[in-house]
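> Mind folding the following:
(2 chains)
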Protein chains: 2
Amino acid sequence: MIYIVKKTQRSSYQFEQIGVIHSCYRQKFGIPRQPGIVSAAEAELELLSPFNQENVVRGLEGFSHIWVHFIFHETMDEGWRPTIRPPRLGGRQRMGVFATRSTHRPNPMGMSVVELNGITSGNGKLILQLGAVDLLDGTPVIDIKPYLPYADALPEARGGFAPLPGIMTEVRFAEHAKELCRQYEKKTGRALIRLIEQVLGQDPRPAYLKETVERRHGTALWDVNVVWESVGDYFIVTDLESL
Amino acid sequence: MIYIVKKTQRSSYQFEQIGVIHSCYRQKFGIPRQPGIVSAAEAELELLSPFNQENVVRGLEGFSHIWVHFIFHETMDEGWRPTIRPPRLGGRQRMGVFATRSTHRPNPMGMSVVELNGITSGNGKLILQLGAVDLLDGTPVIDIKPYLPYADALPEARGGFAPLPGIMTEVRFAEHAKELCRQYEKKTGRALIRLIEQVLGQDPRPAYLKETVERRHGTALWDVNVVWESVGDYFIVTDLESL
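Numbers count the residues shown, from 1 in each chain, chains lettered A, B, ... in the order given. Purely as a prediction, here's the structure:
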């Protein structure tokens, strides 16, 4: 920790990365805005040396959920903005940055509450097995805290707009693509088919592409590029490409 | 934001203070471990330049509660410890630092959910009026986020030990001290008597002093030192001293 007193009377603090997220999301395109929809998006939090010692998480297995504090590393070089147009409000209304969870904050830190499914260690690695996350692969982690329901759970709090129930689009697979998925699942143990159904099902296309049909889309999940297109009222996965 | 890639493969991030807490707590001694007991401990969060513009909190008034992210500035020079003996567990059991909310973390950041009672601005100042906090006066703030009940409230989460219902000790006032309190309340508009009753009532003495009687204690609240002693089964406030 370095503590710097500056002329402005404000202080600065140097924070160190303690871990990294391994997730299926290789690009912002595809990450659901509505947490919990993509239950197949399980992830890992790897603690980095010198924090990869079992001591530091002793007792954490007694908690069903944890807070993960992380850096918005993909957007942090873009700096902060005093006001934001949250996508949830249709992009029409401006809100102060501190009234949103936007990534464009003065200090680009985010927090997510995630399920803790287990802790594994071995070969010098210490890994927290997480439930569904909405975090990019490679996200730097700066803190982990237990979720304390008696302090953190305020169901009666007011404010915010709960996400509308999502309309899921049906996802079909061309026979060749389905076979590639099955081979991938066998090789990696990852539930790729379910993940594709959930990620594509909530329609990850940006607004300006929503109406297009018979256009080839690519969505990167884990180390494959999922090739798909919209065919009227359903999507069809036509191929898998290695990344 | 400065982004430093280091040889260890871990990254560092420089965070800037955005605000400061003004509270009645001038010393750790006296801050309740059980949030919510001292409802009279209302506080203010002052945003510092260039964040003292109303724009940055536009829409925040629609939320009943906010997350305040802050620095454990009083203990951060002591560094971090892999394991902690949480006072809540009687100080006998060791827990990993990431399984606690301890101040002795690798990155000394804390978070509290607090009630937002209002936002005031004028004379170049932008101030959030907060409900009861357990934060030291002068605590540096690094982020503010809205509390989103649909994402943050998980009453069914497991883990942690809810604080036992506190046994409150009766607090009496010597006539002279009561008169000084009344004068202070009239001058400042602060509910000092109620604050003293709540802070002393939960017995802020460290464990090794719990059994002492007829010993003079001092507890700093706002800009006064409250002088009191334990007289058998109640406490008596004997004097107020200016700080």
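> only C-alpha atoms for contact and neighbour calcs from this point on.
Fine.
> surely A:A191 meets A:A40?
Yes. With contact defined as C-alpha atoms under 8 Å, A:A191 and A:A40 form a contacting pair (7.0 Å).
> Who has more neighbours out of the two?
Applying other C-alpha atoms under 10 Å in any protein chain shown to A:A191 and A:A40 shows that A:A40 carries more neighbours, namely 21 against 16.
> For the longest helix belonging to chain A, name the packing helices and strands.
When chain A is parsed with DSSP state H, its longest helix is helix A:175-188. On a contact count with 3 or more C-alpha pairs under 8 Å, 6 or more residues apart in numbering or on different chains; DSSP states H and E, helix A:175-188 meets helix A:192-201, strand A:234-242.
> If you count contacts, what does the longest one end up packed against?
Going back to what we said before, that points to helix A:192-201. Looks like helix A:192-201 contacts strand A:170-173, helix A:175-188 (3+ C-alpha pairs under 8 Å, 6+ apart).
> pull the CA atoms of the first one into PDB?
Pointing back at strand A:170-173 there. What follows is strand A:170-173, C-alpha atoms only, in PDB (Å, rounded to 0.1, in the frame of the first residue of the first chain):
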ATOM      1  CA  GLU A 170     -35.300 -20.800 -29.500                       C
ATOM      2  CA  VAL A 171     -31.800 -22.000 -30.500                       C
ATOM      3  CA  ARG A 172     -31.400 -24.900 -32.900                       C
ATOM      4  CA  PHE A 173     -28.300 -26.600 -34.100                       C
END
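> What strands flank it, and is each parallel or antiparallel?
Note on strand A:170-173: by DSSP bridges, its sheet partners are strand A:234-242 (parallel).
> where's the strand it pairs with relative to the chain centroid, distance-wise?
Its chain's average C-alpha position is 22 Å from that of strand A:234-242, according to C-alpha atoms, centre = their mean, to the nearest Å.
> rewinding a little: reformat the helices and strands packed on helix A:175-188 as TSV; add distance to B:L180, mean pLDDT and mean neighbour count.
Output for the helices and strands packed on helix A:175-188, formatted as TSV (distance: least, C-alpha to C-alpha, whole Å; pLDDT from 0 to 100; neighbours: other C-alpha atoms under 10 Å in any protein chain shown):
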stretch	distance to B:L180	mean pLDDT	mean neighbour count
helix A:192-201	65	93	20
strand A:234-242	75	95	18
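> Tell me which of these sits nearest to A:E175.
With C-alpha to C-alpha as the criterion, A:E175 lies closest to strand A:234-242 of these, at 8.2 Å.
> one step back: so which of the helices and strands packed on helix A:192-201 comes closest to A:H217?
A:H217 lies closest to strand A:170-173 among the helices and strands packed on helix A:192-201, at 13.4 Å (C-alpha to C-alpha).
> Mean confidence (pLDDT) on that closest one, please.
Computed over strand A:170-173, the mean pLDDT rounds to 96.
> Tell me the helix or strand right after the longest strand along chain A.
As assigned by DSSP state E, the longest strand anywhere in chain A is strand A:109-122. As assigned by DSSP states H and E, the chain's next helix or strand after strand A:109-122 is strand A:125-132.
> which helices and strands does that following strand pack with?
strand A:42-47, strand A:109-122.
> partners of it in the sheet?
Neighbouring strands of strand A:125-132 in its sheet, by DSSP bridges, are strand A:42-47 (antiparallel), strand A:109-122 (antiparallel).
> CA atoms of the first one as PDB?
Output in PDB follows, covering the C-alpha atoms of strand A:42-47 (Å, rounded to 0.1, in the frame of the first residue of the first chain):
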ATOM      1  CA  GLU A  42     -20.000 -20.900 -14.300                       C
ATOM      2  CA  ALA A  43     -16.600 -19.500 -13.700                       C
ATOM      3  CA  GLU A  44     -13.500 -19.800 -11.700                       C
ATOM      4  CA  LEU A  45     -11.600 -17.300  -9.500                       C
ATOM      5  CA  GLU A  46      -7.900 -18.100  -9.400                       C
ATOM      6  CA  LEU A  47      -6.000 -16.500  -6.500                       C
END
